[in-house]
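Q: Need a 3D model of the sequence below.
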Amino acid sequence: MSQPINPVKHNKSATLTALAAACTLMLSAPALAATPDAATAPTATAPSAIDSSKRIIRRAKPNATINSPQSNSAQSNAANAITPDSMTSQNAAQQDNSLTQAQPTPYTPAVPVAPKPTGTTQVYQRGPITSTGIDISRGQLNGIPTPQVRISDISFVPTLLIPQKTGLGTDKLDVSLLDDFIEDVSPNARHYPPNFPNRSQRHYTREKIKVLTEWIEPYASEPDASYDVLLRAAKLNGMGRNLDLGSDYAVRAGQYVDRAIKAKPDSGEANFLYGMMLSEGGGFKEGKKYLDKAVELGYTEAEQSLAQSDLLSDRRNEALERLRRLEQQVPDNSIIRQQIKLIEDGKYYIWDLPAPDIDVKPNTPIT
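A: Below is the predicted model of the structure:
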């Protein structure tokens, strides 16, 4: 015999079931709303990073929208509006869905906050290549004035490599810029006293010599340094001595040129440098034998240094005679005529000539 159904107990059970269903729906709504819409996912792919000939500029292309507070409140009101008669059927349907579906279905709000913008992709190609580079005057930068560039006084420094050490298979040093500097400043700083057209060029030459001697010092100080390295180190340090950079420059200049002569005893330039340094430093007797050998080897400037040594040793007539003979041998040398004029005028330094203008580049790198 069946027992009568208690209406109070039935109402309590239905109420609890409805509350559970409403809570489940409210808790699942934000998670479902955050699920991205697979149908609106972008399909375009960015080009490979290896392709450096293109620049890609993309605008934002969102693939989902954010729920508004109004849509959330409407959802909550809809859940609260469930009637007791439909609670049991809804609960049963949700239980069936939870058993058959592994993932919750995406939630789409009824009224979106804003329309989804459409994305665009702009690809900038390279401009036409001309003899001066990329032409930016048309096509890609409309309205922007084209810079005008003019180049003048173009010069080239020939590349010169010298052996770092003696023997075969040694590494090479690039002395292109170093030799260019020595050639520029030698007329001003090779002899004592040095002569510059202004104080700025004298200052820049001093600073440059400091940098270059520091650069070549590790190579020249090696016991097996090559003749070419030693000769350049001697020239730089000799000019540093003339510019009063310190006694260290005088000592190193003498040491390096002495080693250069031992490496090549028949070098006219090395014998001239050593004889010039000694005689201009007061060692007239010691320097004369090196200058005489340089003259025998055909080094013209050694004769001029001998004339300077004669002049400082109170042999004015010998100095004047020597320079006049030299002028006949090299009539195109205008410096010799100026030196003869200095002696005739009673001067004592034949290198005290009008200083030639030079273009010292203090920031030129040496590699």
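
Q: C-alpha coordinates for the helix or strand where K341 lies, CSV please?
A: Per DSSP states H and E: K341 is located in helix 334-344. What follows is the C-alpha trace of helix 334-344 in CSV, where atoms were taken according to Å, rounded to 0.1, in the frame of the first residue of the first chain:
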residue,chain,number,x,y,z
SER,A,334,113.0,74.4,-52.7
ILE,A,335,113.6,73.7,-49.0
ILE,A,336,117.4,73.7,-49.5
ARG,A,337,117.2,77.2,-51.0
GLN,A,338,115.3,78.4,-48.0
GLN,A,339,117.9,76.9,-45.6
ILE,A,340,120.7,78.6,-47.5
LYS,A,341,118.9,81.9,-47.0
LEU,A,342,118.5,81.2,-43.3
ILE,A,343,122.3,80.7,-42.9
GLU,A,344,123.1,83.8,-44.9
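
Q: buried stuff in that helix?
A: 336, 339-340, 342-343 (16 or more other CB atoms under 10 Å). All C-beta spots, glycine's among them, are computed from the backbone N, C-alpha and C.

Q: What pLDDT is listed against the closest residue to N195 other than its chain neighbours?
A: By the measure of CB to CB, 6 or more residues apart in numbering, the closest residue to N195 outside its immediate chain neighbours is A355, 4.3 Å from it. pLDDT, A355: 70.

Q: now swap in L27 and tell me
A: Turning to L27, the model gives it a pLDDT of 53.

Q: And for the one 4 residues further on?
A: Predicted confidence (pLDDT) for A31: 44.

Q: Next, format the buried residues of helix 334-344 as JSON lines and append pLDDT.
A: Shown next, in JSON lines, are the buried residues of helix 334-344 (pLDDT from 0 to 100):
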{"residue": "I336", "pLDDT": "91"}
{"residue": "Q339", "pLDDT": "92"}
{"residue": "I340", "pLDDT": "92"}
{"residue": "L342", "pLDDT": "91"}
{"residue": "I343", "pLDDT": "92"}
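
Q: how many neighbours does E217 have?
A: When neighbours are counted by other CB atoms under 10 Å, E217 registers 14.

Q: go on, the one 3 residues further on?
A: Taking other CB under 10 Å as the criterion, the count of residues near A220 is 22.

Q: OK, contacts around it?
A: Under the criterion of CB atoms under 8 Å, 6 or more residues apart in numbering, the neighbours of A220 are 229-230, 232-233, 252, 256.

Q: what do you get for E286?
A: Applying CB under 8 Å, 6+ apart, we find E286 in contact with 278-279.

Q: let's see 6 Å
A: Neighbouring residues of E286 by CB atoms under 6 Å, 6 or more residues apart in numbering: L278.

Q: Tell me where the model's unsure across the stretch 251-367 of the chain.
A: Applying pLDDT under 70 to the predicted model, the residue ranges of the stretch 251-367 of the chain that meet it are 356-367.

Q: oh sorry, the question was meant for the stretch 51-200 of the chain
A: In the predicted model, the stretch 51-200 of the chain carries pLDDT under 70 at residues 51-147.

Q: Kindly recompute the last result at 90.
A: 51-158, 167-170, 187, 192-193, 195, 197 (pLDDT under 90).

Q: just to revisit the earlier point, in TSV: the buried residues of helix 334-344, plus distance to A319.
A: Written out in TSV, the entries for these read as follows (distance: CB to CB, whole Å):
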residue	distance to A319
I336	12
Q339	9
I340	9
L342	10
I343	6
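
Q: residue ranges for the helices of the stretch 251-367 of the chain, please.
A: Assignment of helices within the stretch 251-367 of the chain using DSSP state H, counting those that start in this stretch yields the ranges 268-280, 284-296, 300-312, 316-329, 334-344.

Q: Can you tell me which of these is most buried?
A: helix 268-280 (a mean of 24; mean count of other CB atoms under 10 Å).

Q: which ones are touching the nearest residue in space to S279 that is not next to it in sequence?
A: Nearest-residue entry for S279: G287, 3.4 Å, with adjacent residues in sequence omitted and distances by CB to CB, 6+ apart. Counting by CB under 6 Å, 6+ apart, G287 touches 275, 278-279.

Q: Beyond the helix or strand hosting D184, next helix or strand please.
A: Element membership for D184 (DSSP H and E) is helix 176-189. Downstream of helix 176-189, the next assigned helix or strand under DSSP H and E is helix 199-220.
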